[in-house]
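>>> Mind folding the following:
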Amino acid sequence: MKFSEEEVQNWKCEACGEDLVMREVVFSYMRGTFHVDLPACPKCDQVLITEELAMGKMAEVEKILEDK
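Residues are numbered from 1 along each chain as shown. Okay, the predicted model is just below:
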């Protein structure tokens, strides 16, 4: 899932109120490391993972890794 700059500008961090910015986020799962650009808070590092992303692409990758 790609986020447009316009979409990201509309989101604020719930924890500290900062505007979210796109940045590279590193995920680790079952010895795999994945680099993904996602909206994140520049102050507290909270990352926005939408339901669509969690239930779609992330669930798909999780299933592939677990089936190996």
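>>> How many neighbouring residues does the residue nearest to Trp11 when sequence neighbours are not counted have?
Spatial nearest neighbour of Trp11, excluding adjacent residues (Cβ to Cβ, 6 or more residues apart in numbering): Leu20 at 4.5 Å. All C-beta spots, glycine's among them, are computed from the backbone N, C-alpha and C. Neighbours of Leu20 under the rule other Cβ atoms under 10 Å: 21.
>>> What pLDDT does the model give Val36?
Val36 is assigned 85 on the pLDDT scale.
>>> Tell me if I'm right that it and Val25 touch.
Yes. Between Val36 and Val25 there is a contact under Cβ atoms under 8 Å: 5.5 Å.
>>> just the helices in this protein please.
Listed in chain order, the helices of the chain (DSSP state H) span 5-9, 51-53, 59-67.
>>> who's in contact with the nearest residue to Glu14 once chain neighbours are set aside?
Leaving aside its chain neighbours, Glu14 sits nearest to Gln46 (7.7 Å; criterion: Cβ to Cβ, 6+ apart). Gln46 is in contact with 13-15, 40, counting by Cβ atoms under 8 Å, 6 or more residues apart in numbering.
>>> One more pass at 7 Å, please.
Neighbouring residues of Gln46 by Cβ atoms under 7 Å, 6 or more residues apart in numbering: 13, 15, 40.
>>> how deep is the last one tucked in, by neighbour count?
Number of residues near Ala40 (other Cβ under 10 Å) recorded here: 21.
>>> Leaving out chain neighbours, which residue sits closest to it?
Val47 (4.6 Å).
>>> Surely that neighbour and Asp37 touch.
No. With contacts counted by Cβ atoms under 7 Å, Val47 stays clear of Asp37, the gap being 10.6 Å.
>>> if you count what's nearby, which of the two comes out ahead?
Set Val47 next to Asp37 and count neighbours by other Cβ under 10 Å: Val47 wins out with 14 against 11.
>>> do you know how far the more buried one is from Glu66?
Using Cβ to Cβ, to the nearest Å, one obtains 22 Å as the distance from Val47 to Glu66.
>>> same thing with Val36?
19 Å.
>>> Please say which of those two ends up with more neighbours.
Between Val36 and Glu66, counting by other Cβ under 10 Å, Val36 is the more crowded of the two (15 against 9).
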